[in-house]
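Q: Give me coordinates for this.
(2 chains)
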Number of protein chains: 2
Amino acid sequence: MSLKLLEQHFSFNGVQYKYSHFSEVLQCDMTFSIYLPSNKEKKEIPLTWYLSGLTCTDDNFSQKSGFQRLAEKYQVAVIIPDTSPRGDKVADDDAYDLGKGAGFYVNATQEPWAKHYQMYAYITDELSTIAATLVPNFSGKESIMGHSMGGHGALVIGLKNTARFKAISAFSPILSPSEVPWGIKAFSNYLGEDKTSWKQWDASELIKTTNIPPIFITQGTADQFYPEQLIETTFLKNAHANNVEVNYKKVDGYDHSYFFISTFLEDHFDFHNKYLR
Amino acid sequence: MSLKLLEQHFSFNGVQYKYSHFSEVLQCDMTFSIYLPSNKEKKEIPLTWYLSGLTCTDDNFSQKSGFQRLAEKYQVAVIIPDTSPRGDKVADDDAYDLGKGAGFYVNATQEPWAKHYQMYAYITDELSTIAATLVPNFSGKESIMGHSMGGHGALVIGLKNTARFKAISAFSPILSPSEVPWGIKAFSNYLGEDKTSWKQWDASELIKTTNIPPIFITQGTADQFYPEQLIETTFLKNAHANNVEVNYKKVDGYDHSYFFISTFLEDHFDFHNKYLR
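A: Prediction:
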């Protein structure tokens, strides 16, 4: 493992870092960002993962959300992976919702995607190992949040690793990828046409499991992708049938942008903080 | 005057707007952004101007600073002009520090710049008239802040209009443009080689005037452009000689980026708020 430090910036008393490294899992060079709070009190520091949406890199959340103020306030480290494998050798598509910038946090089984599109394994294994080395006084406690495609990713990763993540939250997540255009397109390509293989990557299926950590979701009513891509019906129905309590909150007038995320981010950090201490 | 609404986003209970319009002063189409707080208490709302630095548009501060939280907290409208005239007919230079994105908030007198590069007149006259129509319950009270080239702009505009602006603040401003490479290059081109014409656009000269409003400046010690472009010696010396008190604050380890601006933005809004009520 060889990390290259690309950037570091003082921010709200902590430091925002950006690294690159060669990923063995993805077989390409990747970047990620991580914020470390000041930890002036030398306490143990938990780690929150933030997964971004379609077309994003690790820079969008780092530069547009203002999360560093909250990470410092709550004394939590925050790691932001990229949204897909990268580089000239990686398969791509002209559309914004397939290929680079659209990894959907799955392990692809179909060509030409399978060689590089292993974002689930990258995040839960390789990048997790790296993250643990970067957080001084790491408490070992983790939580996960994300936006849109990254909200889907946060729910899938959190629900497949219920013992590991203490809290899961999402902004305008794709809750039923097997039912909506974005998800159907991505899953057909990455996983193939057999829809039984999709279930393990669909939050509306995974919500049927046990020992589920607390879940908090915020959805704007003026979101241009709601309800078509972000419909909550199946997810909430299955959660209810499984006696899982989901705090699904709609907020009037807010859209799909970082203006929306930044507005409600403190609610999410506050929620995570309850379960990370 | 014909305004075209390009974007609007709910943000921290208020609304972030982005408009375009044809500027008679600049003889080109321009964009600007303006945030209006919720004003749920129906009070009179003051207006703060934010002037951006080299290479920026109105989007940088709007998307990267997180200012909307503070504008809502303090119930102040915030307008963000672009940094130069725009469009194919506007003179430009290949360098990032001259031409488009580098208007330096002066009225150019030299060709090929004079036809369009009239940013001072645009902001203090034409855009001011527009702004006044967009702020409901406008109190008439204004203040101005900016970053780097925009810090120079905020000081120059504030010091040339001391009766109008109740407070002036700046992040890592160009304080003595006549003495530093960025300013010498811009002024030589826009104003010509006669340095006497530069004095009316140099904060270190304008600080010699009377009835100066309160001034607050924050400068990071790890700023890659400090001290070369941002040296404070002449400005503070002339302020002291004129019995003007300037709160010039250095902050350890911070650089020139929006990570720096966002960290200290609340201090600036708090400062402005004292003089806008």
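Q: got a pLDDT number for the residue in the stretch 151-277 of chain A positioned nearest to chain B?
A: Chain B sits closest to A:Phe259 of the stretch 151-277 of chain A, with a gap of 3.9 Å, by Cβ to the nearest Cβ. In short, each C-beta sits where N, CA and C put it, glycine included. On pLDDT, A:Phe259 comes in at 98.
Q: so it touches B:Asn13, yeah?
A: No. Between A:Phe259 and B:Asn13 there is no contact under Cβ atoms under 8 Å: 11.3 Å.
Q: list the buried ones in the helix or strand A:Ser20 falls within?
A: According to DSSP states H and E, A:Ser20 maps onto strand A:14-23. Under the neighbour-count criterion of 16 or more other Cβ atoms under 10 Å in any protein chain shown, strand A:14-23 has A:14-21, A:23 buried.
Q: Now the residue of the stretch 151-277 of chain A closest to chain B, what are its backbone angles?
A: Main-chain torsions, A:Phe259, degrees, to the nearest 10: phi -60, psi -40.
Q: wait, what's in contact with it?
A: A:Phe259 is in contact with B:9-11, B:16, B:68, counting by Cβ atoms under 8 Å, 6 or more residues apart in numbering or on different chains.
Q: Out of those, grab the one that's most surrounded.
A: Counting by other Cβ atoms under 10 Å in any protein chain shown, B:Ser11 has the largest number of neighbours within the contacts of A:Phe259, with 26 neighbours.
Q: Let me see the contact set for that residue.
A: A:259-260, A:262-263, B:35, B:68, B:72.
Q: rerun that using 6 Å as the cut-off
A: Contacts for B:Ser11 (Cβ atoms under 6 Å, 6 or more residues apart in numbering or on different chains) come out as A:259, A:263, B:68.
Q: Next, give phi and psi for it.
A: As for B:Ser11, its main-chain torsions (degrees, to the nearest 10) stand at phi -160, psi 120.
Q: Number of residues surrounding the residue of chain A found nearest chain B?
A: Across chain A, the shortest distance to chain B (Cβ to the nearest Cβ) belongs to A:Gly66, at 3.3 Å. Neighbour count for A:Gly66, taken as other Cβ under 10 Å: 25.
Q: quick one: pLDDT of the residue nearest to it when sequence neighbours are not counted?
A: Closest residue in space to A:Gly66, ignoring its immediate chain neighbours: B:Gly66 at 3.3 Å, by Cβ to Cβ, 6 or more residues apart in numbering or on different chains. According to the prediction, B:Gly66 has pLDDT 98.
Q: Over to the one 5 residues further on?
A: If you check B:Ala71, the pLDDT there is 98.
Q: Could you give the number of residues near the nearest residue to A:Thr57 once chain neighbours are set aside?
A: Excluding the flanking residues, the one nearest A:Thr57 by Cβ to Cβ, 6+ apart is A:Asp82, at 5.3 Å. Residues within reach of A:Asp82, counting by other Cβ under 10 Å, total 26.
Q: Which strand residues bridge the residue nearest the centre of chain A?
A: For chain A, the residue nearest the mean C-alpha position is A:Leu51 (2.3 Å; Cα atoms, centre = their mean). Counting by DSSP bridges, A:Leu51 is bridged to A:Gly146.
Q: Would you mind listing what in chain A touches chain B?
A: A:9-12, A:16, A:63-64, A:66, A:253-255, A:257, A:259, A:263 (Cβ under 6 Å from any Cβ of the partner chain).
Q: what's the farthest-apart pair in those residues?
A: A:Phe10 and A:Gly253 (34.7 Å; Cβ to Cβ).
Q: Let me know the outermost residue of chain A.
A: A:Glu41 (28.6 Å).
Q: Can you tell me the SS state at that residue?
A: Under DSSP: H, G, I helix; E, B strand; the rest coil, the three-state class of A:Glu41 is coil.
Q: nearest residue to it other than its sequence neighbours?
A: A:Gln75 is the one closest to A:Glu41 (Cβ to Cβ, 6+ apart), at 7.5 Å.
Q: how many other residues sit next to the one you found?
A: Neighbour count for A:Gln75, taken as other Cβ under 10 Å: 20.
Q: just A:Lys64 next, same as before
A: Number of residues near A:Lys64 (other Cβ under 10 Å) recorded here: 20.
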